[in-house]
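Participant: fold the stuff below for me.
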Amino acid sequence: MYFLENFYQNIIQYDLINKFHYKNLQNLPELQKIVLNFGYKNPNLKNLASALLFLELITTKRGVTTTANDPHILLKIKKGNPVGCKVVLKKTLMYSFFTKLLVEIFPQMKEFKNFSVQKKKSKSNTFSYQLRNTFIFLEVERNYNLFNNLSNLNITVVTNTKTQNELLFLLNSFKLPINS
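Facilitator: Presented below is the predicted three-dimensional model:
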């Protein structure tokens, strides 16, 4: 069991019960998955290959390409063409990557400020962050030539919370600095 998972089961669950007064323990909010993805307006094979390699290096899980569901005339993208790539992390890989974010990545950021959750635009069970500098990861720092054309990395944390207050409390309990 990973130590963040142990921290959730032994400390955060009790805090959630005391704060929100749950009657059924099956309704407790928890992290369900973390989705990492790159999206490109004008994808080419080199961009997609370097993005897939980047995702595999930082997560140790192979990524998949995403395709366009609808054609976009202005962007010159046909239906079914690749437009990006993503990795979905669950269980142990999710907790290990979340630990890497909390311990290694966010403290190294030069412009590290408290995150804010948009109350109207986002769903009540997700938290999204766009990482602009991808060279913070130690795995890719040495290979600048391979990864210099990457777009922004989108990190989405999906939970099973029902309200915005539950989401903020859960993420703050994991020591993620979020403004309410």
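
Participant: in the longest helix anywhere in the chain, what counts as buried?
Facilitator: Counting by DSSP state H, the longest helix found in the chain is helix 45-59. Using 16 or more other C-beta atoms under 10 Å as the test for burial, helix 45-59 gives 47-48, 50-55, 58-59. Every C-beta, even on glycine, is put in place using the N, C-alpha and C of the backbone.

Participant: will you turn the residues you listed into CSV that also has distance to Asp70?
Facilitator: Listed next are these as CSV, based on distance: C-beta to C-beta, whole Å:
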residue, distance to Asp70
Asn47, 21
Leu48, 19
Ser50, 26
Ala51, 22
Leu52, 23
Leu53, 28
Phe54, 27
Leu55, 24
Ile58, 30
Thr59, 28
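
Participant: show the average pLDDT along the helix or strand hosting Val157.
Facilitator: Assigned by DSSP states H and E, Val157 belongs to strand 153-159. Strand 153-159 carries an average pLDDT of 92.

Participant: which elements pack onto it?
Facilitator: strand 31-39, strand 126-131, helix 164-173 (3 or more C-beta pairs under 8 Å, 6 or more residues apart in numbering; DSSP states H and E).

Participant: re the thing from before, return the item of the buried residues of helix 45-59 having minimum pLDDT.
Facilitator: Asn47 (86).

Participant: list the contacts for it?
Facilitator: 40, 149-151 (C-beta atoms under 8 Å, 6 or more residues apart in numbering).

Participant: same question for Gly63.
Facilitator: Neighbours of Gly63 in contact, by C-beta under 8 Å, 6+ apart: 36, 51-52, 55-56, 85-87.

Participant: now do 7 Å
Facilitator: 52, 55-56, 85-87 (C-beta atoms under 7 Å, 6 or more residues apart in numbering).

Participant: tell me the spacing between it and Asn172.
Facilitator: According to C-beta to C-beta, to the nearest Å, Gly63 and Asn172 sit 30 Å apart.

Participant: one more: Tyr129?
Facilitator: The value you get for Tyr129 to Asn172, if C-beta to C-beta is used, is 15 Å.

Participant: same check, this time on Pro82
Facilitator: 37 Å.

Participant: also Pro43?
Facilitator: Relative to Asn172, and taking C-beta to C-beta, Pro43 is found at 37 Å.
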